[in-house]
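> Sharing a sequence plus its predicted fold:
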Amino acid sequence: MSISRQNLSIVIVAFKSEKVIHQCILSINDEIKIVVIDNSNNKDFKKEIEKKYNNVKCYLSSENLGMGAGNNFGIDRVKTDYVFILNPDVTLENSTIDKIILASKKIQSFAILSPLLTDVNYPNYRISEDKKNTINIHEPFKVKSVDGFAMLINKKKIEQFKDSKNPSVFDENFFMYLENDDLCKRLTSKNENIYIVPDAKINHLGGKAVNEIYQEEIELSRNWHWIWSKFYFNKKHYGFFSAFTQGLPTFLSSILK
């Protein structure tokens, strides 16, 4: 079954994101169902957003689940085969969804599709050095991983690889950072395909998902979670020694910050 507006849902994990999330929602076609997971448990926010948008359902979490668990919470509450994970500080261009749908019809098999970030200085994907010169900027191309702020997942395909070590789509041991890299690495190790759709464009404010009045608190939190996520990612995929040796410089740098 191919992607269509009827077989696609959007999942947005929010935390004190009321300043930016409206821009995100307004950039999405109102035929597409949107699930918002509010990690700040704001009842007024839920009431406001569900009243304003007919295609939005907001769920309040009793605690801050983070990104990995928050995305899983949202994915579990949609019935479509395809789920577009978005950060609240992302906006789509008018044709983004149509371009992704069109690209999906040309690709034989994929686990993840991602649009392309408009800021060419910060590509939202990673690709092998030997593949860079083979890219056709007008056709979908395979990559090693994509950034988590905008990734469309083939839910049925990904769920085939659930096991006791990875019981959910995203590993919930990642509170913030690298949950997307972990998912992409698991998929590519199973020879599943991850594509960038270069004609489908997005804009990302970058670090603006949370209201700026909480900036200092969030910055402290980010430092800790980046240390932990990097350590856990390397330990999971490369072993404890690699995790320790690569994580120590990051730990010392964050302590100094």
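Yep, that arrived. Quick caveat, the model's predicted, so the values are computed rather than measured.
> quick one: low-confidence ranges for this protein?
Counting by pLDDT under 70, the low-confidence segments of the chain come to 1, 133, 207-222, 247-257.
> residue boundaries of the helices in it?
Secondary structure of the chain (DSSP state H): helices at 21-26, 43-52, 66-75, 96-106, 155-159, 179-189, 215-238, 240-256.
> okay, the ones you listed, which one's buried deepest?
Of all these, helix 66-75 has the most neighbours on average by mean count of other Cβ atoms under 10 Å, namely a mean of 24. For glycine as for every other residue, the C-beta is placed from the backbone atoms N, C-alpha and C.
> Next, report how far it is displaced from the centre of its chain.
Distance of helix 66-75 from its chain centroid, counting by Cα atoms, centre = their mean, to the nearest Å, is 10 Å.
> Stretch 58-65 spans what distance, first to last residue?
15 Å (Cα to Cα, to the nearest Å).
> Now that stretch: buried residues?
For stretch 58-65, the neighbour count (16 or more other Cβ atoms under 10 Å) marks C58, S61, N64, L65 as buried.
> picking up where we left off before, what's the closest of the helices of the chain to P198?
Judged by Cβ to Cβ, the one of the helices of the chain that comes nearest to P198 is helix 96-106, at 8.9 Å.
> List the contacts of the closest one.
2-5, 8, 27-29, 32, 110, 113, 115, 140, 152, 195, 197, 199-202 (Cβ atoms under 8 Å, 6 or more residues apart in numbering).
> can you pull out the strands in the stretch 51-200 of the chain?
Residue ranges of the strands in the stretch 51-200 of the chain, as given by DSSP state E, counting those that start in this stretch, are 56-60, 82-86, 90-92, 112-117, 125-126, 141-142, 145-146, 150-154, 194-204.
> Using TSV, lay out the buried residues of stretch 58-65 together with distance to I100.
Output for these, formatted as TSV (distance: Cβ to Cβ, whole Å):
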residue	distance to I100
C58	24
S61	28
N64	30
L65	27
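> Considering those residues, which is situated nearest to D81?
Of all the buried residues of stretch 58-65, C58 has the smallest distance to D81: 22.5 Å, by Cβ to Cβ.
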